[in-house]
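Participant: Below is the sequence, then the predicted model.
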Amino acid sequence: MTVVSSLRPTMDEVYAARARLRGVTVETPLLQLWGSDSIWIKPEVLQPVGSFKIRGVFNAIAALDPEERAKGVSTVSSGNTAQAVAWAARKFGVPARAVMPTTTPDTKVRATEAYGGIPDLRSFDEAFGYLRHGGYKDFEDTFIHPVANRDLLAGHGTIALEIFETMPDVETVFVPIGGGGLISGISNALKQLAPNVRMVGVQPEGCTPVIAGLAAGKSVDVEVHTICDGVAVNFMFPEMYEVLRDLVDDIVTVPDDDVVRAIRHLALRNKIVAEGAGALAVAAAVRHGGAGKSIAMISGGSIDPAKLAEILTTDYDDIVSLAK
């Protein structure tokens with residue numbers, strides 16, 4: 001008998017999350033990828049904090065007991081979750097703290113501060129060590145796990161509702177994978193609405209902890225060499241193993257060069273700004289074509305301005321050429 005992970009929310013919880021998020025988040029549209037007849041993009045960069053993270057984070061904080069919320073909230077994040085926690089905490093009038101690795105791009109640190117959060121910069125190993133070894137359980141404030149949180153996954157599941165209502169005949173959905181919260185939340189709900197949909201996770205060639213972890217049956221360390229800082233985690237969260245194993249149909253990889261081309265293409269053709277992790281799914285949808293009617297999630301847009309300028313002013317091949 002298959003045991004369903006306790007992290008997986010029910011559809012009632014997903015619909016409750018949608019109610020909490022009404023007036024808070026944006027129902028992002030499906031836009032056709034310029035130059036493609038079969039790929040659509042879902043630009044979560046249009047959310048208040050520039051990424052999908054606000055869906056799960058706001059729902060998780062809203063679902064807290066008021067006394068727990070009043071303690072203030074914290075998280076561990078390389079940037080986008082930190083911004084979402086700070087933004088949501090300000091809405092509830094409580095303090096927010098984000099333990100962030102020193103490798104976090106300065107734009108994300110400053111954005112967290114701008115939303116009212118307090119960045120707590122630590123070494124990469126120390127910051128993510130809180131997640132690996134459960135050290136966050138000793139925090140005095142209320143911890144919002146950036147991935148392994150049932151209410152968080154319910155919030156991300158609201159994306160599935162929008163996809164199904166807009167394109168019920170979608171065949172494949174490409175989703176970037178860092179910790180796995182986004183693809184798990186979407187897949188958990190969408191597979192109940194459209195059982196035949198194929199959920200494909202995407203990792204950079206230089207950072208494949210979920211691929212390695214699923215193959216090994218446990219969390220293993222991998223080396224990280226990628227421009228996609230939003231998914232640059234060197235291990236798979238053990239709590240997510242069963243969820244990812246049961247809900248993800250396939251995981252593919254793409255080289256950073258493809259990601260760069262996707263960032264450029266999205267900016268110049270679709271007029272959408274995406275960070276490295278945000279462009280991963282688009283790069284994969286193009287490289288691994290033939291997936292039928294497909295949707296690529298653009299998860300976030302917090303890219304360093306100098307990096308974006310370099311990408312836009314360098315003569316890269318157009319992403320359309322990859323499909324030829």
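Facilitator: Arrived safely, thanks for sending.

Participant: For the stretch 151-300 of the chain, just list every one of the strands.
Facilitator: Taking DSSP state E, counting those that start in this stretch as the criterion, the stretch 151-300 of the chain contains strands spanning 172-176, 198-204, 250-254, 294-298.

Participant: Tabulate those strands (JSON lines), appending mean neighbour count and distance to Ala281.
Facilitator: Every C-beta, even on glycine, is put in place using the N, C-alpha and C of the backbone. Output for these, formatted as JSON lines (neighbours: other C-beta atoms under 10 Å; distance: least, C-beta to C-beta, whole Å):
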{"stretch": "strand 172-176", "mean neighbour count": "27", "distance to Ala281": "4"}
{"stretch": "strand 198-204", "mean neighbour count": "25", "distance to Ala281": "5"}
{"stretch": "strand 250-254", "mean neighbour count": "20", "distance to Ala281": "9"}
{"stretch": "strand 294-298", "mean neighbour count": "28", "distance to Ala281": "4"}
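
Participant: and of these, who's closest to Lys42?
Facilitator: When these are compared for distance to Lys42 using C-beta to C-beta, the nearest one is strand 294-298, at 5.4 Å.

Participant: just checking, next helix/strand downstream of that closest one?
Facilitator: Towards the C-terminus, the helix or strand next in line after strand 294-298, according to DSSP states H and E, is helix 305-313.

Participant: Run the chain-centre distance for that following helix.
Facilitator: The offset between the C-alpha centroid of helix 305-313 and the centroid of the whole chain comes to 22 Å, using C-alpha atoms, centre = their mean, to the nearest Å.

Participant: Okay, now the unreliable bits of this structure?
Facilitator: Residues of the chain meeting the criterion pLDDT under 70: 1-4, 316-324.

Participant: make it 50
Facilitator: Along the chain, the model assigns pLDDT under 50 to residues 1-2, 320-324.

Participant: Tell me where it has helices.
Facilitator: Listed in chain order, the helices of the chain (DSSP state H) span residues 11-21, 53-62, 66-70, 80-92, 106-114, 124-133, 150-156, 158-166, 181-193, 209-216, 241-247, 256-265, 276-287, 305-313.

Participant: mind giving me JSON lines with the strands of the stretch 151-300 of the chain and columns for distance to His156?
Facilitator: As requested, the strands of the stretch 151-300 of the chain are exported to JSON lines (distance: least, C-beta to C-beta, whole Å):
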{"stretch": "strand 172-176", "distance to His156": "10"}
{"stretch": "strand 198-204", "distance to His156": "13"}
{"stretch": "strand 250-254", "distance to His156": "17"}
{"stretch": "strand 294-298", "distance to His156": "10"}
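
Participant: With respect to Phe237, which of those lies nearest?
Facilitator: Distances from Phe237 to each of the strands of the stretch 151-300 of the chain were compared using C-beta to C-beta; the minimum, 13.8 Å, belongs to strand 198-204.
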